[in-house]
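Chemist: Structure for the following, please:
(chains A, B, C and D)
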There are 2 protein chains.
Amino acid sequence: MTRASSRRPGPPTRTERGIPEATVARLPVYLRALTALSDGGIATASSEDLATAAGVNSAKLRKDLSYLGSYGTRGVGYDVEYLRYQIAREIGVTQDWAVVIVGIGNLGHALANYSGFGTRGFRIVALLDADPNLVGERIGDMEVRDFAELEAIVEADRVSIGVITTPAGPAQEVCDRLVAAGVTSILNFAPVVLSVPDGVDIRKVDLSIELQILAYHEQRKSGEAALPQVPELPAMNGLTDLPSVGGGVGA
Amino acid sequence: MTRASSRRPGPPTRTERGIPEATVARLPVYLRALTALSDGGIATASSEDLATAAGVNSAKLRKDLSYLGSYGTRGVGYDVEYLRYQIAREIGVTQDWAVVIVGIGNLGHALANYSGFGTRGFRIVALLDADPNLVGERIGDMEVRDFAELEAIVEADRVSIGVITTPAGPAQEVCDRLVAAGVTSILNFAPVVLSVPDGVDIRKVDLSIELQILAYHEQRKSGEAALPQVPELPAMNGLTDLPSVGGGVGA
DNA sequence: AGGAGCTTGTGAACGTGAGAACAAAATCGG
DNA sequence: CCGATTTTGTTCTCACGTTCACAAGCTCCT
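Modeler: Below is the predicted model of the structure:
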């Protein structure tokens, strides 16, 4: 992450185009809320209205928006269409991004069928799988193509975003191929930690991790003070007689 | 969020069972890394090894683990099986959690087929949908049941976790029904902000938001200094003649 | 038995994010 | 034209999260 080239200890130097990551993650939420308001025929909204629609605190919302510029009007609020366009432009969804999906199993299928692909701004240009039995299958108006065609497709369609929906096993190899082909942003649904070179962004969506986080809190609710205090395994103190493996993972 | 009842300004009072949220979110990752090491026949691993496998900094990993207790051995490392059990217990996946999935469209289908449901610890007890055409369909070894049966199922199977895979429209209503039926943790895949009463935990997984975050960074990479500086909409300064709608969203 | 060599657990420094509070700007009514 | 009212943009403070750096503790070798 090489951002903000020259940063002297002076003032934070706003407008250095340094939008905090936490804010970036919320902009899409605001965008969706604005779209909903717009569809509902609302032309103007206050930060309070927007915050409610987006499920956040209004002070936070105002601060987030202030990173983009001064797009509101004091005493009035924000023009919904105008703000929507500004956020869309800032995120980059005013242009179209070409996307490939690799791994057409259950989840890949589901994503391929995902009509509209959420908000506009993204265009699925290819569904890829290495399994010959799948290649050629039609899904919606697309056809599953051979993973071997990846490089040609990425180059031809200027693909910069790849979605990995393979099982854990082949995910890293698929990732490497995507990166080598020129993809610089990856959305990973496979339950593994992928390693990518600098300059490539990666985000992970993991169902079972989300469930486990819920389970943790759920356990707190039901048990609370009635937790079995440290029910350690029978006799694990005898760590003494371990072959000094010294780790077999990292180098 | 009523956690940590009495917190005086003294020392942080560790072992008050207050594990930071950021740490909780990483525990499942460590759990998976440990399982992988265990399957690979590794019996002991250092924080460095684990950190590499989990894709984090080793200092962070050690601090995270320290919230659970002192489960390592200085000069040696961590016993993989032992640590795995301790984390599993802390998260709560040593017991089984009953889960219902509501909305059996593309995504619901995919999740229903998701073999093993990631790590063990979760058991899908019902697939629900309100569409009569879907009710009765078999998916794997389960059958889609009518959403109307929700309350009976939740009570009979002690369901505490609900997964919403409906379209945006009905999601809030489904959510309300789940909560009313007694579900206290919800994983939401629908692209809306759900509101729930206190005491109910909710997590959101949103494909298009993830893509938009990637797009933002992608735009920075390609354009960098060559961004079209504020191409404002034609003439949006004329905000003056707006009907003072005053917001039509929150109350 | 004692010292050398590792690795954990944690205190402290630093950076980022959240929220309260308020000054600045814009509208509206008289 | 002026004051009251509304709502933004921003400043300040506090809490949270990350990283460094090192003492404490364990093992192994001589």
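Chemist: To what extent is residue A:69 buried, counted in neighbours?
Modeler: Applying other Cβ atoms under 10 Å in any protein chain shown, we find 12 residues neighbouring residue A:69. Quick note: C-beta positions are derived from backbone N, CA and C, even for glycine.
Chemist: Could you pick out the residues of chain A near DNA strand D for me?
Modeler: Residues of chain A lying close to DNA strand D (Cβ under 7 Å from any atom of the strand) are A:46-48, A:58-59, A:62-63, A:65-66, A:70-78, A:239-240, A:244.
Chemist: Name the helix or strand for the most centrally placed residue in chain A, please.
Modeler: Residue closest to the mean C-alpha point of chain A, counted by Cα atoms, centre = their mean, is residue A:203 at 4.8 Å. Under the criterion of DSSP states H and E, residue A:203 resides in strand A:201-204.
Chemist: Could you confirm whether any residue of that strand contacts chain B?
Modeler: Yes. With Cβ under 8 Å from any Cβ of the partner chain as the criterion, chain B is reached by strand A:201-204 at A:201, A:203.
Chemist: ok, that strand: who's next to it in the sheet?
Modeler: Strand pairing for strand A:201-204, determined by DSSP bridges: strand A:185-188 (parallel).
Chemist: surely residue A:147 meets residue A:128?
Modeler: Yes. With contact defined as Cβ atoms under 8 Å, residue A:147 reaches residue A:128; the gap is 4.7 Å.
Chemist: If you count surrounding residues, which of the two has more?
Modeler: residue A:128 (25 against 22).
Chemist: contacting residues for the more buried one?
Modeler: Residues near residue A:128 by Cβ atoms under 8 Å, 6 or more residues apart in numbering or on different chains: A:100, A:101, A:102, A:103, A:104, A:144, A:145, A:146, A:147, A:149, A:150, A:153.
Chemist: ok so it is a strand residue?
Modeler: Yes. Per DSSP: H, G, I helix; E, B strand; the rest coil, residue A:128 lies within a strand segment.
Chemist: For the stretch 101-250 of chain A, just list every one of the helices.
Modeler: A:106-113, A:150-157, A:168-181, A:207-223 (DSSP state H, counting those that start in this stretch).
Chemist: other SSEs contacting the first one?
Modeler: The elements that helix A:106-113 packs onto, with contact taken as 3 or more Cβ pairs under 8 Å, 6 or more residues apart in numbering or on different chains; DSSP states H and E, are strand A:97-102, strand A:122-129, strand A:138-139, helix B:106-113.
Chemist: for those, which one sits closest to residue B:169?
Modeler: helix B:106-113 (14.8 Å; Cβ to Cβ).
Chemist: now that closest one: how far from the chain's centre is it?
Modeler: 17 Å (Cα atoms, centre = their mean, to the nearest Å).
Chemist: List the buried residues in it.
Modeler: The neighbour-count check on helix B:106-113 (16 or more other Cβ atoms under 10 Å in any protein chain shown) flags B:106, B:107, B:108, B:109, B:110, B:111, B:112 as buried.
Chemist: what comes up buried for the strand holding residue A:203?
Modeler: So for strand A:201-204, counting by 16+ other Cβ under 10 Å, buried means A:201, A:202, A:204.
Chemist: Report pLDDT for the second one.
Modeler: Per-residue confidence at residue A:202 stands at 98 (pLDDT).
Chemist: what about the closest residue in space to it that isn't next to it in sequence, distance to residue A:200?
Modeler: Nearest residue to residue A:202, sequence neighbours excluded (Cβ to Cβ, 6 or more residues apart in numbering or on different chains): residue A:186, at 4.7 Å. Distance, residue A:186 to residue A:200, using Cβ to Cβ, to the nearest Å: 7 Å.
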